[in-house]
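Q: Here is a sequence with its predicted model. Questions after.
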Amino acid sequence: KIKGYVDRIYLNTGTNFEFKQENQSLYKVNISPSFADTTVYNPWTGDKQGPKFPDFDDEGYKYTICLEPTLSARSKMTLNGGEEFTGTQTIQCTE
């Protein structure tokens, strides 16, 4: 249960997630496999809280969660000269 600020990187998360509240499924999420890790973030502090963030009403930040595909420093990727990495992001969220 999220009761405050969250900014966490989860390693080797796979592509399927489920957000629950007290054992009740809220959302099921499928993410494309380009990135090994996932960041979960909510704007409870800093410049993105409440009226400081123009997209939210004063209490809107309390009902927001961000899910971001991530390639963290722990998921090492080495590119040699001339090599490229192309990551894609497709997020599907269902109730």
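A: Cool, the structure landed. Numbering: from 1, shown residues only.

Q: Need the residue closest to the centroid of the chain.
A: The centre of the chain sits closest to residue 67, judged by C-alpha atoms, centre = their mean, with a distance of 1.8 Å.

Q: Helix, strand, or coil at it?
A: Following DSSP: H, G, I helix; E, B strand; the rest coil, the label given to residue 67 is strand.

Q: ok, now the one 5 residues further on?
A: Applying three-state DSSP to residue 72 yields a three-state assignment of coil.

Q: before we move on, the earlier item: mind checking how far the residue nearest to the centre of the chain is from residue 42?
A: Residue 67 sits at a distance of 10 Å from residue 42 (criterion: C-beta to C-beta, to the nearest Å). Yep, even glycine has a C-beta here, placed from its N, CA and C like the rest.

Q: Show me what the residue nearest to the centre of the chain is bridged to.
A: residue 40 (DSSP bridges).

Q: any idea of the pLDDT on the nearest residue to residue 79 once chain neighbours are set aside?
A: Sequence neighbours aside, residue 85 is the residue nearest to residue 79 in space, at 6.0 Å (criterion: C-beta to C-beta, 6 or more residues apart in numbering). Note on residue 85: pLDDT of 85.
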